[in-house]
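K.L.:
Provide a 3D model corresponding to the input given below.
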Amino acid sequence: MVRGGQGTPLSVRAADDGPPVTVPRDPAREAAERELAKRLYHDNDPGLLERALNAFWDWLDGLLGAASTATPGGVLGLLAVVLAVAAVAGALWWRLGTPGRGAAPTAALFEDRPRSAADHRAAAEAHAARGHWNQAVQERMRGLVRALEERALLDDHPGRTADEAATEAGRTLPTRAAPLRRAARAFDDVTYGGRTATEETYRDLADLDRALDTTRPALTPTGPSSRPSTPSTTGTTTDTTRPTSRDTPR
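P.N.:
Below is the predicted model:
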């Protein structure tokens, strides 16, 4: 075949060395496209999924290549940045728990119908017996707060959160203020923070609950002291003078 210039026909020499057969350029291209479109030439072509994966890996390779070029240290610098970002993300997850629960810690401590402290404690022990430590911690904290309400050490406030209950109870029972704050934090961690409680967490909370039953509240005086005051006798004299006639009632 003799390739012609733009728009010129192509000349194809016949097999018997006869005169060349002239084929116009466009029909020749169309004939070649029809020939190459036959299934015979595409049996080993990659499938749609393979082509999509190849396109993705090509894009990712280009992206990483551009990032490594822009990062000091090349590929090693990029790897250090990725590891640092992963470490920061892991630290935030460990400290803050599962994201997307920002407003949850303001929810009420008691979410269902009122139950007694004994009911909550029994439910907590049942969960603990099955190794369900998250539910056991939740029910034990609710039983602890309900017991304080039953003793009138806390006002009955259905919408109270665990943190609010711990703060209010800590003012009445100052010697237990720090353990109460830790108990509220444990409740928030498993209820809203996505954490997993342990048996030790539950046992500490149960010990605090039992200790609160025997803790006496700190009473503060609300009025003047009732202690009698002893008048001072320093510098005082006893008048033994008999009354005069002016002092004698008529």
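K.L.:
low-scoring pLDDT stretches of this protein, where are they?
P.N.:
When the per-residue scores of the chain are filtered using pLDDT under 70, the ranges that remain are 1-23, 40, 42-43, 67-68, 70-76, 78, 95-113, 219-250.
K.L.:
from Phe187, how far off is Ala136?
P.N.:
Ala136 sits 11 Å away from Phe187, taking Cβ to Cβ, to the nearest Å as the criterion. C-betas here are computed from N, CA, C, even on glycine.
K.L.:
settle it for me: which of those two has more neighbours?
P.N.:
Under the criterion of other Cβ atoms under 10 Å, the comparison of Ala136 against Phe187 puts Phe187 first, with 29 against 26.
K.L.:
report the contact partners of the more buried one.
P.N.:
Leu109, Val137, Gln138, Met141, Ala162 (Cβ atoms under 8 Å, 6 or more residues apart in numbering).
K.L.:
need these in JSON lines with distance to Glu199, secondary structure and neighbour count, can you?
P.N.:
Compiled in JSON lines, the contacts of Phe187 are given as follows (distance: Cβ to Cβ, whole Å; DSSP: H, G, I helix; E, B strand; the rest coil; neighbours: other Cβ atoms under 10 Å):
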{"residue": "Leu109", "distance to Glu199": "22", "secondary structure": "coil", "neighbour count": "22"}
{"residue": "Val137", "distance to Glu199": "10", "secondary structure": "helix", "neighbour count": "27"}
{"residue": "Gln138", "distance to Glu199": "15", "secondary structure": "helix", "neighbour count": "25"}
{"residue": "Met141", "distance to Glu199": "16", "secondary structure": "helix", "neighbour count": "28"}
{"residue": "Ala162", "distance to Glu199": "20", "secondary structure": "helix", "neighbour count": "26"}
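K.L.:
what's the farthest-apart pair in those residues?
P.N.:
Greatest spatial distance among the contacts of Phe187 (Cβ to Cβ): Leu109 and Val137, at 12.4 Å.
K.L.:
what are the ranges of the strands in the protein?
P.N.:
Listed in chain order, the strands found in the chain under DSSP state E are 10-12, 21-23.
K.L.:
now distance to Arg121 too, for the contacts of Phe187, in CSV please.
P.N.:
Supplementary listing: the contacts of Phe187 in CSV, determined by distance: Cβ to Cβ, whole Å:
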residue, distance to Arg121
Leu109, 15
Val137, 12
Gln138, 12
Met141, 11
Ala162, 16
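K.L.:
closest one of the residues you listed to Thr214?
P.N.:
Set against Thr214, the nearest of the contacts of Phe187 by Cβ to Cβ is Met141 (18.7 Å).
K.L.:
tell me how far the residue lying closest to that closest one once chain neighbours are set aside lies from Glu164.
P.N.:
With Cβ to Cβ, 6 or more residues apart in numbering as the criterion, Met141 has its nearest non-adjacent residue at 4.3 Å, and that residue is Phe187. Computed with Cβ to Cβ, the distance linking Phe187 and Glu164 is 12 Å.
K.L.:
likewise Glu30?
P.N.:
For Glu30, the distance to Glu164 under the criterion Cβ to Cβ works out to 82 Å.
K.L.:
who's more crowded, these two?
P.N.:
Neighbours were counted for Glu30 and for Glu164 using other Cβ under 10 Å; Glu164 has more, 17 against 11.
K.L.:
can you map out the helices along this structure?
P.N.:
Ranges of helices within the chain are 25-36, 48-70, 74-96, 117-129, 133-150, 162-172, 177-191, 199-213, based on DSSP state H.
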